[in-house]
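K.L.:
Build me a structure from this.
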Amino acid sequence: MSKKITSEIKITVELDDNRVPEKLFWAAQDGGVVQEESKAMMLSFWDSNVQETMRIDLWTKDMPVDEMKKFFHQSLVAMADTFQRATDDEKMADTMKDFCDYFAEKMDLKKAE
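P.N.:
As a prediction, the model looks like this:
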């Protein structure tokens, strides 16, 4: 019988008196990440029993709106890439990437080329 290997990702949230996130930290020892500070996070889990996504979305109260727009755009692009790798559905992934381009344009996130 082989030994089970586990890996841990730790998230620490510092809250103010009103329980609003002031600081977010994450650590992943296997990835060499030790108490890395962040301004926002989105975490999703798939519950196969009820066929629903369970989510945790947090951002600190000092997260700038312009950075939140970039965070969402980059997260959407990453989701499109993950969707393609997970489903091998290139046509839909390309459609998602088209939306990401549209989102970036509407949010004035397009970099000067």
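K.L.:
Tell me who's in contact with Thr60.
P.N.:
Taking C-beta atoms under 8 Å, 6 or more residues apart in numbering, we find Thr60 in contact with 21-24, 39-40. Quick note: C-beta positions are derived from backbone N, CA and C, even for glycine.
K.L.:
at 10 Å what do you get?
P.N.:
Listed by C-beta atoms under 10 Å, 6 or more residues apart in numbering, the contact set of Thr60 reads 13-14, 16, 20-24, 37-41.
K.L.:
My understanding was that Glu22 contacts Thr12; is that so?
P.N.:
No: using C-beta atoms under 10 Å, Glu22 is not in contact with Thr12; the gap is 11.4 Å.
K.L.:
how close does Gln84 get to Asn18?
P.N.:
According to C-beta to C-beta, to the nearest Å, Gln84 stands 41 Å off from Asn18.
K.L.:
So if I had to pick from these two, which one is more boxed in?
P.N.:
Comparing Gln84 with Asn18 by neighbour count (other C-beta atoms under 10 Å), the higher total belongs to Gln84, at 17 against 6.
K.L.:
tell me the phi and psi of Arg55?
P.N.:
Phi and psi for Arg55, reported as degrees, to the nearest 10, are phi -130, psi 150.
K.L.:
Where does the residue nearest the centre of the chain sit: helix, strand or coil?
P.N.:
Nearest to the geometric centre of the chain sits Met42, at 4.2 Å (C-alpha atoms, centre = their mean). Classification of Met42 using DSSP: H, G, I helix; E, B strand; the rest coil returns strand.
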